[in-house]
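K.L.:
Structure, please.
(2 chains)
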Amino acid sequence: MKHKISPFLLASCLLTAGLSANALADEVPVDINATQKMLNKAGENTDNWLHFNGSYDSTRFAKSNQINTKNVSQLTPAFVFQTEVLESMETAPIVINGVMYLTTSFNHVYAIDAKTGEQFWHYNYENGPITRYCCGPNNRGVAIYEDKLFMGTLDSSLVAINAKTGKQEWKADIADPDLGYSETMAPTVADGKVIIGTNGGEYGIRGFVRAYDADTGEQLWNFHTIPENSVGVWAETDATGRSLHRDIKAEKKALEKQGDPYKTLGGGVWMTPAIDTETDTVIFTVGNPSPDLDGSLRPGDNLYTNSLVAIDLNTGKLKWYYQYLPHDVWDLDAASPPVLIDAKDKNGNVVPAVIHAGKTGHVYVNDRRTGELIRFSEAMVPQENMFALPTKEGTRMLPGANGGVEWSPMAYNPNTQLTYAVNLHQPMTYTVNSTPYPGGSLWLGGAFESIPGEEQWGNVTAVDVNTGKIEWKTKTEQPMIGGVLATAGGLVFTGEGNGYFKAYDAKTGKVLWKFNCGAGVNAPPVSYTIDGKQYIAVAAGGNVQLDYKRGNSVFVFALP
Amino acid sequence: MKTGTRTVCFTFGLLLSAAGLAQDGNGFSTEIKQKAQQCMTCHGENGHSKNGQYPSLAGQKTTYLYTQLQNFMQGRRKDPVMTPQAQTIKDKEQAIKLAEYFSHFEPFDYSVKEDGGFQLDPDKVEKGRKIAKKNQCASCHGSGLTGSGSMPRISGQQPAYLEEELKAFRDGTRHASVMNSVIGDMTNKEIEALVHYITSL
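P.N.:
Predicted coordinates for the structure are as follows:
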């Protein structure tokens, strides 16, 4: 979809309204200033939603309990905001001082009144002529810091936008989109540093996470998610101890012949990092190696793909890493963002932990201080023929390449000590087809295909982080993608491809309320409060990857 | 082989001036428009092909068109007509501009009425729909298969061209690892059904 404004119309607008070329409409009528203190305490504040995942911990837990298990059945739409862009929506809106900032596919940003839906301004970033991105022209949202918003773009730039006026303040080119670099994640900002990763693991990029100066756009540091020595320890098993069926001897021979594949090894970062503000540590998950399904061109463990990685906020230097799945040839990568919680270690002592929901279908619990694995959960989806190698004819293996759990963020409720994940069950065959690096074009090294006649479905699953046991699991008619919100009202909110947005009982998984939004609800919900009234907002724009019905709206719900 | 009628393309447009730097209201220089005239000899007026041997280009995704030009320029994709034509493109910037030029036209929309040689078969359309679903075509080619980013719009494309290219992916004479794998084991009849479905959109 393209939105082009004719030069004549644009000139008229500029003359008559004195507005910038890419921000049309009014200023936000209140002052916006998201201070570092506010960002640090975001998880405690029920009025605003200041981070993509609610807080630096990324728990997506709202402490509001006005909407709760007893009254959620009365929940009703307060307003619906329609954007101009009818395409996949994965945005988690930022809400501050009664103003909501939401994004759409193709990098539009809207500022609206979070109580009424009235639009203040609309910013439309003009992507360059060349964009290469996987899985749709998505954008997951902005980050806010002081008086600015920050957004990554499909053509691999980072822009700063004035939160009050919608005018662009600076733009930094991150990487060459012609080589497959793109941005869909919401950045995060801490101590004046805008932190952003990159997409492109399907295009043979060399991944990274970077920090940019929030005032100027100057790059402050760069961390390569693929080190120059990506070989590792020739691990023969994954985090759960199962054999990966690697031919280590052949890989070592290939390494001798081809050298280290680090320059085109992928390792994109799909989702917003979490930040441990106590230790100034940035923690994120690194995605798949390139090419996804063809391991013959990339001997070694392919560090730090499919890993949990911790780096220093101030320098970008590595602190530790933990690789869930070395030398992945199934695209079962680490996409869903890490969540920082307290959990019991193997001895029953409560320690700082970090959890991640893998495409493999497990929730992993690691020690946040060292990266050491504490435990992994029961499988949330069927696993069959695990880690059977892809073949030319196609190998059936479950989970399918979307997981398990896709990029969808989990939510963690400290009261129940349960983490809530949304799952996909999509039986697939994995096919390998070795082709050389294609110079920036899509490079999967094969394909994964769903199997006709085999049923697909989803789950909403609650996992006990201290035992790894599944507390409850509620089936959905379609594979799930989008993300979860948990609240102190004892509720879990998440949406489905069929348009339903549902509230579940956090303790039992019982569906307590549902509303059909008319298009796929495949975005993470948020919660905020204005004038003493709690609102739940979620985008309904469908999804490219699973081809769920497209929409263009953000729905906002409240009690009557 | 795709020689024969395509050879006519060689003789057109090669003497056109490349000096024009003036730009039209859309920002396209005379030089680019003259260069594009060469392409239209085969690909039709403004990139709306009237010949099943040649793909329509109008409204195609810029990145896809640019990538294919680069593939021809660098030898990753070969065709007896396009390979030498691509050698006449000066550089990357000119390839991007040409891609932008054809992309800015209203998207192609093949109509079965216009060429009389292709009639939709409802059974094949249904069979093709199931094949498209199994292979998750929309997850790359977008809703309605209208393209997304570097992935081409295929709905509304010339059906004969679609069939030829799908067979080329299957037979390995055109390279793209995903398409080679997805189409790898399809029969001619399955490809035909897929083309009927795509054309029905």
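
K.L.:
Who are the contact partners of A:I248?
P.N.:
A:234, A:236 (Cβ atoms under 8 Å, 6 or more residues apart in numbering or on different chains). (Each C-beta comes from the backbone N, C-alpha and C, glycine too.)

K.L.:
Only alpha carbons, please: show the helix or strand hosting B:S139 as PDB.
P.N.:
Following DSSP states H and E, one finds B:S139 within helix B:137-141. The C-alpha trace of helix B:137-141 is given here as PDB (Å, rounded to 0.1, in the frame of the first residue of the first chain):
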ATOM      1  CA  CYS B 137       2.000 -18.200  -0.800                       C
ATOM      2  CA  ALA B 138       0.300 -15.200   1.000                       C
ATOM      3  CA  SER B 139       2.900 -15.200   3.800                       C
ATOM      4  CA  CYS B 140       5.500 -13.900   1.300                       C
ATOM      5  CA  HIS B 141       3.400 -12.500  -1.600                       C
END
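
K.L.:
what's next to it, contact-wise?
P.N.:
Contacts of helix B:137-141 (Cβ under 8 Å, 6+ apart): A:135, A:442, A:544-547, B:132, B:144-145, B:147-148, B:151-154, B:178.

K.L.:
Which of these are buried, as a PyMOL select command?
P.N.:
Only the buried entries of the contacts of helix B:137-141 go into this PyMOL selection, using 16 or more other Cβ atoms under 10 Å in any protein chain shown:
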select buried, (chain A and resi 135+442+544+545+546+547) or (chain B and resi 132+145+147+148+151+152+153+154+178)
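
K.L.:
What about the contacts of helix B:137-141, which are in helices?
P.N.:
B:132, B:178 (DSSP state H).

K.L.:
so which of the contacts of helix B:137-141 comes closest to A:I536?
P.N.:
For those, the minimum distance to A:I536 (Cβ to Cβ) is 23.1 Å, reached by A:L546.

K.L.:
Against A:G136, how distant is the closest one?
P.N.:
Separation of A:L546 from A:G136 (Cβ to Cβ, to the nearest Å) stands at 10 Å.

K.L.:
what about the strands in the stretch 151-300 of chain A?
P.N.:
A:157-162, A:168-173, A:188-190, A:193-196, A:208-213, A:219-224, A:274-276, A:281-286 (DSSP state E, counting those that start in this stretch).

K.L.:
Any chance of the ones you listed in a markdown table with mean neighbour count, mean pLDDT and distance to A:K510 as columns?
P.N.:
As requested, the strands of the stretch 151-300 of chain A are exported to a markdown table (neighbours: other Cβ atoms under 10 Å in any protein chain shown; pLDDT from 0 to 100; distance: least, Cβ to Cβ, whole Å):
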| stretch | mean neighbour count | mean pLDDT | distance to A:K510 |
| --- | --- | --- | --- |
| strand A:157-162 | 23 | 98 | 42 |
| strand A:168-173 | 17 | 98 | 47 |
| strand A:188-190 | 25 | 98 | 34 |
| strand A:193-196 | 25 | 98 | 38 |
| strand A:208-213 | 22 | 98 | 40 |
| strand A:219-224 | 17 | 98 | 43 |
| strand A:274-276 | 24 | 98 | 30 |
| strand A:281-286 | 26 | 98 | 31 |
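
K.L.:
any chance of those in TSV, with distance to A:F501 too?
P.N.:
Output for the strands of the stretch 151-300 of chain A, formatted as TSV (distance: least, Cβ to Cβ, whole Å):
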stretch	distance to A:F501
strand A:157-162	28
strand A:168-173	33
strand A:188-190	26
strand A:193-196	29
strand A:208-213	32
strand A:219-224	37
strand A:274-276	25
strand A:281-286	26
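
K.L.:
Which one, of these, ends up nearest to A:Y364?
P.N.:
Nearest of the strands of the stretch 151-300 of chain A (Cβ to Cβ): strand A:281-286, 10.0 Å.

K.L.:
send the alpha carbons of the closest one over as PDB?
P.N.:
What follows is strand A:281-286 as a C-alpha-only set of coordinates in PDB (Å, rounded to 0.1, in the frame of the first residue of the first chain):
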ATOM      1  CA  THR A 281      22.400  -4.800  31.400                       C
ATOM      2  CA  VAL A 282      20.600  -5.000  28.100                       C
ATOM      3  CA  ILE A 283      19.100  -8.500  27.600                       C
ATOM      4  CA  PHE A 284      17.700  -9.700  24.300                       C
ATOM      5  CA  THR A 285      17.100 -12.700  22.100                       C
ATOM      6  CA  VAL A 286      18.900 -13.300  18.900                       C
END
